[in-house]
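Undergrad: here is the input, now give the coordinates:
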Amino acid sequence: MPRHAFPTIEDAARALEAGTTTAEALVEEALARAAEGEGPRAFTALHAAAARAEARAMDALRRAGRAPSRHAGIPVTIKDLFDEAGRVTMAGSVAREGAAPAAADAPVVARLRRAGFVVIGRTNMTEFAFSGLGVNPHYGTPLSPWDRATGRLPGGSSSGAGVAAADGMGFGGLGSDTGGSCRIPAALCGVVGFKPTARRVPLAGAFPLSTSLDSIGPLARSVACCAVLDAVIAGEAPAPLAPFPLAGLRLGILTNYVEADLEGEVARPYARALAALEAAGARLTEIALPGIERIPEINAKGGLTASEAFHLHRDLIIAAGTRYDPRILKRIGRGERMSAFDYLEVLRERAALIAACAPATAPFDAILCPSVPLAPPPLAAVEEEGEYNRINLLLLRNTTVANMLDRCAISLPMHAPGEAPAGLMLMGEHGEDHRLLRIAAAVEAALER
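TA: Numbers count the residues shown, from 1 in each chain. All right, here's what the predicted structure looks like:
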């Protein structure tokens, strides 16, 4: 990961307040990074001229004592599925070329801008957000920061957001998470990715994948950075993140379903992370969640995602289906074969799963497991369709648990410098987003010692 003069949003905010940097300087550095290396693949569009103008405006407002917030002028990114006034929302595809431009910014984008954050561009993504790999044949696939000589998957669907955060192309960015699309790229790129409780952050103006499962969350280089961005997009006032004391914290270590097929590059840092938390005084208890092994069976016909995605895409497929990535088209097409009974049965099974797991997790402050079981796979490994599907399912497996249970969850880096990126996932209760972020901040500090 490259060195940064101001690694976090808080570092940048303090420097802006002290006058040791300017918004223009921060934006210029972000744009310079975005123009080189993986930048051309990490973004589908850069707003260089607009970002420079906004940065100069924020500097002028700060000099006049009128900055809209202490974060005014800090550069960030947004995923290609968010509406921006006057732009066509492509959602990582080319099938929407010629669609009507958005009439207004998505609420989450508008909230960032009202706080003075400078949007430098739109980050690449899996087409229509329907894969955990991060592969995009239309705009190119940005590579994980690890072992770029080989060329490894960034994770998806918020692939560009993860790579941009890791490479310093802004101080963080907005992604979406339907089955892990913030946490998977965070794990494979070595950054933090937060999935809030669904519907806590408004979904309007974000091109949907599954209206039942979609949520909008940030990817950034620290838990505190994610907490700031999360507060802004949720319409809350950012506040200092006070970590929970680890001593006595009750952490459930999830053992069923999520620990199968763990690669050594994940298993070793995971064991170290658990040992570090126990040494810091946390109370670790193994836990099995009833029924989560049945998630693949519940979703076997396509689940909520395929059925709801097909309902959304049917007319566009008729008009421009040949322009879709065939692998994404095939996944969406599974929804066409689902009956109303199939769809309602998934809803029933999900509700039963939520009810069964609630008493099991109630005694714990958070549930822990590896975010993904694999180190970033080589891009070449998913060229064949069978391996594409197998690796995609593995990358989505652990993170999907939180989406199915309608919980908040976060992925933190747990690897040592020089090792392959590996993510530690913490899952909280429904609606306990602020508590989870405070716990995650404490865990993050323990892992960095």
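
Undergrad: quick one: the helices in the stretch 51-200 of the chain, in order.
TA: 107-114, 159-166, 183-189 (DSSP state H, counting those that start in this stretch).

Undergrad: deepest-packed of these, please.
TA: Comparing these on average neighbours per residue, with mean count of other CB atoms under 10 Å, the densest one is helix 183-189 at a mean of 37. (Each C-beta comes from the backbone N, C-alpha and C, glycine too.)

Undergrad: which elements pack onto it?
TA: Under the contact criterion of 3 or more CB pairs under 8 Å, 6 or more residues apart in numbering; DSSP states H and E, helix 183-189 touches helix 159-166, strand 192-195, helix 385-404, strand 409-413, strand 423-427.

Undergrad: model confidence over it, on average?
TA: Mean per-residue pLDDT for helix 183-189: 98.

Undergrad: for the remainder of this discussion, apply numbering that starts at 10.
TA: Will do, 10 is the new start, and the previous item becomes helix 192-198.

Undergrad: I225 contacts G202, doesn't it?
TA: No - the pair I225 and G202 fails to qualify as a contact (CB atoms under 8 Å) at a distance of 11.9 Å.

Undergrad: who's more crowded, these two?
TA: Neighbour count, other CB atoms under 10 Å: between I225 and G202, G202 has more, with 35 against 28.

Undergrad: contacts only, for the residue nearest to the more buried one when sequence neighbours are not counted.
TA: Nearest residue to G202, sequence neighbours excluded (CB to CB, 6 or more residues apart in numbering): A195, at 2.8 Å. Contact analysis of A195 by CB atoms under 8 Å, 6 or more residues apart in numbering lists 164, 171, 201-202, 228, 380, 420, 422, 432.

Undergrad: which one among those residues gets closest to D20?
TA: V201 (15.1 Å; CB to CB).

Undergrad: strands along the stretch 210-359 of the chain, start to end?
TA: Along the stretch 210-359 of the chain, the segments classed as strands by DSSP state E, counting those that start in this stretch run 225-229, 259-263, 292-296.

Undergrad: sorry, that was for the stretch 60-209 of the chain
TA: Going by DSSP E, counting those that start in this stretch, the stretch 60-209 of the chain shows strands at 84-88, 127-132, 181-185, 201-204.

Undergrad: could the ones you listed be laid out in JSON lines, adding distance to R303 and mean pLDDT?
TA: Listed next are the strands of the stretch 60-209 of the chain as JSON lines, based on distance: least, CB to CB, whole Å; pLDDT from 0 to 100:
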{"stretch": "strand 84-88", "distance to R303": "31", "mean pLDDT": "98"}
{"stretch": "strand 127-132", "distance to R303": "34", "mean pLDDT": "98"}
{"stretch": "strand 181-185", "distance to R303": "25", "mean pLDDT": "98"}
{"stretch": "strand 201-204", "distance to R303": "21", "mean pLDDT": "98"}
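
Undergrad: relative to N398, which of those strands is closest?
TA: strand 181-185 (21.6 Å).

Undergrad: neighbouring strands for that closest one, and are they parallel or not?
TA: Taking DSSP bridges as the criterion, strand 181-185 pairs within the sheet with strand 84-88 (parallel), strand 225-229 (antiparallel).

Undergrad: tilt between that strand and strand 127-132?
TA: 40 degrees (axes from the mean of the first three to the mean of the last three CA atoms, to 10 degrees).

Undergrad: quick one: contacts of strand 181-185?
TA: 18, 85-88, 90-91, 117-118, 121, 132, 138, 166-167, 169-171, 173-174, 190-191, 194, 202, 215, 218, 223-230, 234-235, 238, 242.

Undergrad: could I have the ChimeraX command that selects the buried members from these?
TA: Per 16 or more other CB atoms under 10 Å, the buried members of those correspond to this ChimeraX selection:
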select :18,85,86,87,88,90,91,117,118,121,132,138,166,167,169,170,171,173,174,190,191,194,202,215,218,223,224,225,226,227,228,229,230,234,235,238,242
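
Undergrad: specify the beta-bridge partners of T132.
TA: F52, K88.

Undergrad: okay, now the closest residue to V144 other than its chain neighbours: neighbour count?
TA: Leaving aside its sequence neighbours, V144 sits nearest to T150 (CB to CB, 6+ apart; 5.0 Å). T150: 25 surrounding residues under other CB under 10 Å.

Undergrad: equivalent analysis for D415, please.
TA: Neighbour count for D415, taken as other CB under 10 Å: 19.

Undergrad: contacting residues for it?
TA: Contacts of D415 by CB under 8 Å, 6+ apart are 206-207, 363, 439.

Undergrad: what are the phi and psi values for it?
TA: Backbone torsions for D415, taken as degrees, to the nearest 10, come to phi 60, psi 50.

Undergrad: mind listing what the spatially most central residue of the chain touches?
TA: Among the residues of the chain, the one closest to the centroid is C191, at 1.3 Å (CA atoms, centre = their mean). Neighbour list for C191: 167, 170, 184-185, 202-204, 226-228, 420 [criterion: CB under 8 Å, 6+ apart].

Undergrad: how near is it to A170?
TA: 8 Å (CB to CB, to the nearest Å).

Undergrad: overlap of the contact sets of the two?
TA: 184, 228.

Undergrad: tally of neighbours for R259?
TA: 12.

Undergrad: how about F52?
TA: F52, neighbours per other CB under 10 Å, totals 24.

Undergrad: what domains does the record give for this structure?
TA: For the chain, automatic domain parsing gives the domain ranges 18-242, 259-457.

Undergrad: who wins for proximity to A248 among those domains?
TA: Across the domains of the chain, A248 has its closest neighbour in domain 18-242 (7.1 Å, CB to CB).

Undergrad: contact partners for C366?
TA: 298-301, 414.

Undergrad: so what's the gap between whichever strand or helix holds it and the chain middle?
TA: In the assignment (DSSP states H and E), C366 maps to helix 349-370. The chain centre lies 24 Å from the centre of helix 349-370; the measure is CA atoms, centre = their mean, to the nearest Å.
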